[in-house]
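Novice: Show me the folded form of this:
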Amino acid sequence: MPTTIRGHSNNVTKVINFNDKFMISGDQDGRVLSWNLESGSASRPVGVYKLPIGVQALACNSQFVYAGSADMNVMQFSMGENGLESVGELKKKHSSVFQMIATETMVYTLYTDKSIQIVKADDIHQMVAENKTPGEIVCMALAGSQLWLSDTKGLVHILNADTLKAEEGDEIKTVYGHPAVSMASSADGSLVAVGDTKGYVTLYDVASRSQKCYFALHQNKVLETRFTSDNRVATIGFDKLLCVGNIDDQKGIKLSCPNGAA
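Specialist: Residues are numbered from 1 along each chain as shown. Coordinates of the predicted model:
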């Protein structure tokens, strides 16, 4: 029988896995909780445990957890013996967090004013680079030394992941040119997938920057896109479907959300 454990008092907006030992979740009230996967218990961070407005982005590496919210704040947490502990706060002027990606050394943050910041992973106050993105960027994915971006016109842009400078190359578009909604890169950085507003997922080979294939498993916008450990593409759509696509034959499986909501 499935087990339900309560910890949040409002809708959960983001969930990530931390070192396969904890699940970190954020909700619409701005609360961040860590869930012990062995005991199932939830605990709030020591220190600042609640952002003023709902959590819009979560990211982590092996040491830290980063949470971004609509109040223009990014919080940094470490994992101690008693769970998460707040260690830093970065406030962006006049812009809220849209998406975050964390590596062992850097944290990439996309803001609603379409700017991107790179900060040090161990100290978010140490700025590495900042730049305005081309176009109306809505999502990003880190693929090795490149930061791939997708916009509302169906275009894909590529930046240098260290400097945020645009890299030269031919124009890249999603299949049929549909606006992007979500994207992700494979663990080895060789593939990038972009989910769009019409339910298609376009897959690119990073080295050649060419379209490898595409999936048409959804009937509506692809809200989340991820790669599995065996390089299949897992997506959640506004059509209340969880789909897993196989790259080799461009086929996949569809699973309905058990509670009828995506």
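Novice: quick one: contacts for A193?
Specialist: Taking Cβ atoms under 8 Å, 6 or more residues apart in numbering, we find A193 in contact with 141, 183-185, 201-204, 225, 227, 233. Where C-beta positions appear, they are placed from N, C-alpha and C, glycine not excepted.
Novice: quick one: which of those residues is nearest to D20?
Specialist: F227 (16.8 Å; Cβ to Cβ).
Novice: Counting neighbours, what do you get for the closest residue to the closest one other than its chain neighbours?
Specialist: Once flanking residues are discounted, F227 sits nearest to S186: 4.5 Å by Cβ to Cβ, 6 or more residues apart in numbering. Counted with other Cβ atoms under 10 Å, the neighbours of S186 add up to 21.
Novice: show me what contacts S186?
Specialist: S186 sits next to 143, 192, 227, 231 when contact means Cβ under 8 Å, 6+ apart.
Novice: please redo it, this time with the cut-off set to 10 Å
Specialist: 141, 143, 192-193, 203, 206, 226-229, 231-233, 247 (Cβ atoms under 10 Å, 6 or more residues apart in numbering).
Novice: which of the residues you listed count as buried?
Specialist: Neighbour-count burial (16 or more other Cβ atoms under 10 Å) is assigned, among those, to 141, 143, 192-193, 203, 206, 226-227, 232-233, 247.
Novice: For F98, state which of those is nearest.
Specialist: Closest approach between the buried ones among the contacts of S186 and F98, by Cβ to Cβ: A141, at 13.5 Å.
Novice: returning to that earlier point: tell me which of the buried ones among the contacts of S186 is nearest to H94?
Specialist: Looking across these and measuring by Cβ to Cβ, the closest to H94 is A141, at 25.7 Å.
Novice: picking that back up, please flag which of the contacts of S186 sit within strands.
Specialist: Assigned to strands by DSSP state E, the following of those qualify: 141, 143, 192-193, 203, 226-227, 233.
Novice: Count the neighbours of D71 for me.
Specialist: Other residues lying near D71 total 15 when counted by other Cβ under 10 Å.
Novice: can I see the domain layout of this protein?
Specialist: Using automatic domain parsing, the domain parsing of the chain gives 1-132, 134-262.
Novice: circling back: let me have the ones in strands among the contacts of S186 in CSV, extended by pLDDT and distance to P134.
Specialist: As requested, the ones in strands among the contacts of S186 are exported to CSV (pLDDT from 0 to 100; distance: Cβ to Cβ, whole Å):
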residue, pLDDT, distance to P134
A141, 98, 16
A143, 98, 17
V192, 98, 17
A193, 98, 20
L203, 97, 22
R226, 96, 25
F227, 97, 25
V233, 97, 25
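Novice: Is it possible to get a markdown table of those that adds distance to Q76?
Specialist: Converted to a markdown table, these look like this (distance: Cβ to Cβ, whole Å):
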| residue | distance to Q76 |
| --- | --- |
| A141 | 22 |
| A143 | 24 |
| V192 | 27 |
| A193 | 28 |
| L203 | 33 |
| R226 | 24 |
| F227 | 26 |
| V233 | 30 |
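Novice: roughly how far apart are the closest residue in space to M23 that isn't next to it in sequence and N61?
Specialist: What sits nearest to M23 in space, not counting adjacent residues and going by Cβ to Cβ, 6+ apart, is W35, at 4.2 Å. Counting by Cβ to Cβ, to the nearest Å, the gap from W35 to N61 is 18 Å.
Novice: give me the number of residues near N11?
Specialist: Using other Cβ under 10 Å, N11 is surrounded by 9 other residues.
Novice: again with the one 3 residues further on
Specialist: Using other Cβ under 10 Å, K14 has 18 other residues around it.
Novice: close enough to count as contact, K212 and N231?
Specialist: No. Applying Cβ atoms under 10 Å as the test, K212 and N231 come out as separate, 11.2 Å apart.
Novice: shared neighbours of those two, which are they?
Specialist: With Cβ under 10 Å, 6+ apart, K212 and N231 have common neighbours 190-191, 247.
Novice: ok, so of these, who is nearest Q219?
Specialist: Closest approach to Q219 among those (Cβ to Cβ): I247, at 21.2 Å.
Novice: Right, I'll call it a day here.
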